[in-house]
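Trainee: Just need the structure, nothing else, for what follows:
(chains A, B and C)
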Amino acid sequence: MKYVKSILLAGFVATSLSTFAYGQSFGRRDVSDESAECLSCHKKQNPVIYQQWGESKHFRANISCFECHAADRADKDAMNHYGNTIAVLVTPKDCAKCHSKEVEEFAGSHHSKAGRILGSLDNRLAEVVEGNHSFVTPGFPEGNSAAAVNGCWQCHGSEIKVLPDGTLDPATYPNSGIGRINPDGSEGSCNACHTRHSFSVAQARHPDTCGKCHLGPDHPQKEIYEESKHGILFFANEDQMNLHNEKWIVGEDYWAAPTCATCHMSQTKNQPVTHDVGMRISWNNRPPVSIRPEISDAKMGLPGADVPWQVRRQNMIDVCLNCHNKNWVDNFYVQYDGLIELYNNKFAKPAGALYALAKPLKAVAEPFTAPIDWSYWELWHHEGRRARHGASMMAPDYTHWHGTYDVAKTFYTHIVPELKEMIEEAEHSDDPAKVEAGEKLAAKLDEVLNSDDHKWFIGKMDDGEKEARKKAATDFKKRYDK
Amino acid sequence: MKYVKSILLAGFVATSLSTFAYGQSFGRRDVSDESAECLSCHKKQNPVIYQQWGESKHFRANISCFECHAADRADKDAMNHYGNTIAVLVTPKDCAKCHSKEVEEFAGSHHSKAGRILGSLDNRLAEVVEGNHSFVTPGFPEGNSAAAVNGCWQCHGSEIKVLPDGTLDPATYPNSGIGRINPDGSEGSCNACHTRHSFSVAQARHPDTCGKCHLGPDHPQKEIYEESKHGILFFANEDQMNLHNEKWIVGEDYWAAPTCATCHMSQTKNQPVTHDVGMRISWNNRPPVSIRPEISDAKMGLPGADVPWQVRRQNMIDVCLNCHNKNWVDNFYVQYDGLIELYNNKFAKPAGALYALAKPLKAVAEPFTAPIDWSYWELWHHEGRRARHGASMMAPDYTHWHGTYDVAKTFYTHIVPELKEMIEEAEHSDDPAKVEAGEKLAAKLDEVLNSDDHKWFIGKMDDGEKEARKKAATDFKKRYDK
Amino acid sequence: MKYVKSILLAGFVATSLSTFAYGQSFGRRDVSDESAECLSCHKKQNPVIYQQWGESKHFRANISCFECHAADRADKDAMNHYGNTIAVLVTPKDCAKCHSKEVEEFAGSHHSKAGRILGSLDNRLAEVVEGNHSFVTPGFPEGNSAAAVNGCWQCHGSEIKVLPDGTLDPATYPNSGIGRINPDGSEGSCNACHTRHSFSVAQARHPDTCGKCHLGPDHPQKEIYEESKHGILFFANEDQMNLHNEKWIVGEDYWAAPTCATCHMSQTKNQPVTHDVGMRISWNNRPPVSIRPEISDAKMGLPGADVPWQVRRQNMIDVCLNCHNKNWVDNFYVQYDGLIELYNNKFAKPAGALYALAKPLKAVAEPFTAPIDWSYWELWHHEGRRARHGASMMAPDYTHWHGTYDVAKTFYTHIVPELKEMIEEAEHSDDPAKVEAGEKLAAKLDEVLNSDDHKWFIGKMDDGEKEARKKAATDFKKRYDK
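Mentor: Alright, predicted model coming up:
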């Protein structure tokens, strides 16, 4: 027993001595006086905030409450809080005091512009179709839509309104939407991903963090990732991901799986980390018909206007090659591009053209008043995106069953019959303009349904193909069916 | 090498000595004789039960098989099992022998009444619409619906039927539904959450456990939690949650994230743990129109009838404040209440009134025979709940895309056209009662569609708003669209 | 301090000595010369492959790049790669060099035949309905459907096409579908489950791995498992699952939860591990009406034709008994069988008969041209499977809300009205064949709707049942409703 005790004692002494060697006494000696004041109350009132900060890198760097929440008296949202001038919101402008490179990259990204949704159809849905003006707050006597406040704004970001007493209007806060428009003019919310007071890089690297917003019927990237081999490997091997490591280079610091960050943001042997998430993406699959990202960057006045998709694809290929060989990667892109072209040409373009011709035939001009409004919307905004996003990450169930299957079903069982009904109504109209519009729509529908892509639907499949398929079906039944 | 060996030896000796010091020999000396008999067979036959018990707190407390499964000869489900009188079911009454406080709290909760579903529309669906009487078992010669047995009853609980030989009827068991009605008259099933023979408190604190029942189209609390910041933080930091700790006070024993239990049941600095899950909830979002929980508690004869929603909200705010400041929490509740009011007033109340007026026009009076039956049902029971539950936990995708978007779509593209069709049919009816009912419905529909909330749908949006929206849309297109 | 140092030194020396004792110098001395060449480049170019192999069991067994990728010059996909003859694909035939038992079992399973989908309705959907011939690659000048390539084939497997230069056609590769048809004639892809270069058995035992393909609207086994008690226990106790252990016997090496592998493949005290996943399954729930697995095995020429469902059920019961008692298990199967019978008899058989009679009334004979095509398809292929799979694993939400509820809704609100419309159209047809077919369909529909299962829908519920239900509903309202 004697030896054991000696060793343990020796250990304690050594530790103690080395502590003294640094000349420190106990406690958080270096916290600023202002922060020490904050801590004295909030430690008791909101212990989780205190503890999360205590495990963050900010703790050891003596970045505490006041260092981030300090405000200038001239700031719109500055408030006097027990003698100190502070603000509740910590904006990208505040974070940039130390993290200027990250904030600059972020400011150039689509993410930072997510709050500019006003006027979009999503926005109209939440404000008019689902909502009304009944959500009245001090800052908005004419009211907002509670569907927008609790829905859209929570991901896209609100335009923060400061009330005369310095507090934030409840329609606009709580809000950590990634494109939040802050009182200081900055756009964004760093804590959308670096959540709350631990500011954890590991948390930001975790796919669930991105899944806060990138999920659901209209952009299910989270579900797609989870279905893909990438997600399967991640969730089974999370403990090998080294997520807390400062340096986080794929193939060097971890190799179990890639997360969203790995492919879209993080460091490789050849590329630095970036907070502009669009720099490795070669298709923008947001609009009805997929376009190249430099086109949409140009429309939004972003610096990415000068970065063509080919460069971005090379950036992504550089990531892929850490795990896959060159042929594999090239072939993958052939498959992915093929799916985009199929969706664009067979469904998105004809459906868009037909919808445009159908609009003059609607009883009420407003969007979302006729069945065709809803059908076309879901075709591209929901189902078409699911197909395209699914293919981009090799998630076959999303590509097919939640994607092209739903696109085809909506096209053939909703859009086509709805158009036929509108055409028939127009035929019997007293309004010659409607009769003419109906004829134009009928001609276009006829053209679409007789095209090679769609003629099977009206019973005009080529005889050769018909025979081949009949044979295949017979063979299959022999093999497989009851 | 000598020192190393010495130390290792010293360690072994010390351990052995201290064991002897307690005067124990090897083996489970203190297991009751009856339990020892049980173990002698079941250890071999069902080794997992043996091992799970072996890792439970019951093991060290010498609570083994017989201590829980012992029965009185007078018990309906008592059976002679190799000389011992036992029962398969361990009910809340059995658990209350040691855990009386927990059982009492549970007995006062909605959870314990979940088996009283008989007569509800959910139940009618499973028994009549989806089911039939063909599931005949010894205890039910006239049959049950297999859809109810495999569906509803598995969460809500069955009414256990003991067969003459003491075994349990297969229609009613296996069943661990939380509101199970037991042969001893007690309601509930503790192992619904404290699963099987490990009886783990960590398991009961895990959100997936609640998700066994709280998921799916009609009450997707699991999906909502997973989408919320709370769930994102939990799943990324599960190893820091200290879930196995006896004392589990938020902000003191853990701070990475809250689980379902944290907010609804577990201890805070100021509140004890409770097994009555409704005591921190300020809206009951179950019915078509949200009501206050004390109202529904009164209808069910629960003690919560005396606890107004304001008290419950204060209970929840006490939890929130561990992580959020007071303004944040107050503002959150403004947002949440706003969404409830929007849903209640714009959709739930008008749709309910219209549906009531439409009923006399149905061809068959039974529920779920007309399209309007299904549409109104899904509006409130599925979609309306998703919107309300989504807002309650800040999950914007569920609030909006699975919630208010679906509510609005069902209202405008299903309910309104279905009502119009019923009105038109009534106009041409030979039955003067139907003609009159049709006129009443038409008048109400007219009133609803001309109200401020819905007039946009019939092309009567105010000119000012129309202009503002047109401008916003044009600006948006410039910024963002193809 | 002296003792500590001595011990540490002693430790190092001991380790070093024992290393020398085996006579090894540093480095991977035993890697073959060919593999060493591979590694020299790929270690730098694709570091993740190198690292994953480095953590695999293959590393210690000196099974490196060339040992698996070596090819014979006569192989269709052989290529000269810096002087070595190799192939990109490693097929079951290659793996069988060491793992012959596993490959043989796999070859006898449904899994290995998943690529034989050609001619099925799923396939027609992807090729004709959703797709076209526009995906042209070097190996397919007449084109494929990008929906099939990115969708079906990714799970079912492609038929690999080798191009004249030895590379693989991008329509057919990347592909790790479990029924891939390889250039060497073998069927399957071991890395569908033993993912990439770590070949991890732990990964293959993880339920997410199976969920790559077994998910989504048509066979949501992943979602069902996650909802079941089995999945809930697994995800909360993953660290106790001992997934990396060589020997992995339930009840002996782990007891926290079962995974997919536990029940369908892995070792029990009494059964060996098997790679034929169908040997413990007593219903094949794939077809419109559930059948016994030996029937479908016979159609596919599989050895399972000789293994009746009763034997397979006993195999599964042997697994169940590790955690559940005999009565529990027997009762579970009564419940499960009851749900299958309900679905088969109330919905699947009548709907199938009605659909067959409706086909002659369609305007275009091709599948997926009439609404009834889509409705009947989703009834059995999506919703009916969800109900049946849900019951098989005790996931009540899937059984009911995603299952029998959706089945009933489709039957009563889609199929019945669509049939009525077809009947009415046929009545007014000039074609006597159509008139006759319409009469036959009408008679059958009349028979179905007047049967005990469906007569409630046309207002013919028995008076006794009507009264009982009315009373139950009144009582329920008193208890529970607003």
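Trainee: Close to chain B: what parts of the stretch 201-350 of chain A are there?
Mentor: For the stretch 201-350 of chain A, the contact set with chain B under Cβ under 8 Å from any Cβ of the partner chain comprises A:202-203, A:206, A:208-209, A:211-213, A:215-218, A:287-289, A:291, A:295-296, A:299-300. For every residue, glycine as well, the C-beta is placed using N, CA and C.
Trainee: Give me the secondary structure label for residue A:143.
Mentor: Residue A:143 carries the three-state label strand when classified by DSSP: H, G, I helix; E, B strand; the rest coil.
Trainee: does the closest residue in space to it that isn't next to it in sequence belong to a helix or a strand, and which?
Mentor: Distances taken as Cβ to Cβ, 6 or more residues apart in numbering or on different chains put residue A:133 closest to residue A:143, at 3.5 Å, once the chain neighbours are dropped. Remark: residue A:133 resides in no helix or strand, with elements defined by DSSP states H and E.
Trainee: Just confirm residue A:133 contacts residue A:141, I think it does.
Mentor: No. With contact defined as Cβ atoms under 8 Å, residue A:133 does not reach residue A:141; the gap is 10.1 Å.
Trainee: Among those two, which residue is more densely surrounded?
Mentor: Comparing residue A:133 with residue A:141 by other Cβ atoms under 10 Å in any protein chain shown, the one with more neighbours is residue A:133, at 16 against 7.
Trainee: ok, that one - contacts?
Mentor: A:142, A:143, A:144, A:145, B:452 (Cβ atoms under 8 Å, 6 or more residues apart in numbering or on different chains).
Trainee: So it versus residue A:220, what's the distance?
Mentor: Residue A:133 sits 32 Å away from residue A:220, going by Cβ to Cβ, to the nearest Å.
Trainee: now do residue A:43
Mentor: 41 Å.
Trainee: In terms of neighbours, single out the busier of these two.
Mentor: When residue A:43 and residue A:220 are compared on other Cβ under 10 Å, the one with more neighbours turns out to be residue A:220, at 24 against 15.
Trainee: pLDDT below threshold where in the stretch 151-300 of chain A?
Mentor: Segments of the stretch 151-300 of chain A classed as low confidence (criterion: pLDDT under 70) are not present in this model.
Trainee: Sorry, slip of the keys, the one I care about is the stretch 1-150 of chain A.
Mentor: Looking along the stretch 1-150 of chain A with the criterion set at pLDDT under 70, you get A:1-29.
Trainee: Point out the residues in it that sit beside chain B.
Mentor: By Cβ under 8 Å from any Cβ, the part of the stretch 1-150 of chain A that sits against chain B consists of A:1, A:3-4, A:7, A:45-49, A:51-52, A:88, A:116-120, A:123-126, A:128-135, A:137, A:145-147, A:149-150.
Trainee: Tell me the buried residues within the residues you listed.
Mentor: The neighbour-count criterion (16 or more other Cβ atoms under 10 Å in any protein chain shown) marks A:7, A:46-49, A:51-52, A:88, A:116-120, A:123-126, A:128-135, A:137, A:145-147, A:149-150 among these as buried.
Trainee: Now, the residues you listed that are in strands?
Mentor: Within those, residues falling in strands by DSSP state E are A:135, A:137.
Trainee: Need phi/psi at residue A:273.
Mentor: With angles defined as degrees, to the nearest 10, residue A:273 shows backbone torsions of phi -70, psi 150.
Trainee: Tell me how many other residues surround it.
Mentor: One way to gauge burial is a neighbour count; for residue A:273, by other Cβ under 10 Å, it gives 15.
Trainee: which residues sit in contact with it?
Mentor: A:265, A:266, A:267.
Trainee: residue contacts, the first one?
Mentor: Contacts for residue A:265 were tallied using Cβ under 8 Å, 6+ apart; they are A:273, A:274, A:275, A:277.
Trainee: mind checking how far it is from residue A:391?
Mentor: Relative to residue A:391, residue A:265 is positioned 21 Å away (Cβ to Cβ).
Trainee: Kindly report the same for residue A:315.
Mentor: 19 Å.
Trainee: more crowded one of these two?
Mentor: A count of neighbours by other Cβ under 10 Å puts residue A:391 above the other of residue A:315 and residue A:391, at 33 against 20.
Trainee: Skipping its backbone neighbours, what lies nearest that one in space?
Mentor: Nearest non-adjacent residue to residue A:391, counting by Cβ to Cβ, 6+ apart: residue A:339, 3.9 Å away.
Trainee: Show me what the helix or strand harbouring that neighbour is packed up against.
Mentor: Secondary structure assignment for residue A:339, by DSSP H and E: helix A:326-342. Taking 3 or more Cβ pairs under 8 Å, 6 or more residues apart in numbering or on different chains; DSSP states H and E as contact, the helices and strands that helix A:326-342 lies on are helix A:309-320, helix A:385-392, strand C:135-137, helix C:146-147.
Trainee: Return the most buried member of the ones you listed.
Mentor: The highest average neighbour count among the helices and strands packed on helix A:326-342, using mean count of other Cβ atoms under 10 Å in any protein chain shown, belongs to helix C:146-147 at a mean of 32.
Trainee: Run through who's touching that one.
Mentor: With Cβ under 8 Å, 6+ apart, helix C:146-147 has contacts from A:335, A:338-339, A:341-342, A:387, A:391, A:399-400, A:404, C:126-127, C:130-131, C:134-135.
Trainee: Going by distance to chain B, which of the residues you listed wins?
Mentor: Distance ranking of the contacts of helix C:146-147 against chain B, using Cβ to the nearest Cβ, places residue A:341 first at 16.5 Å.
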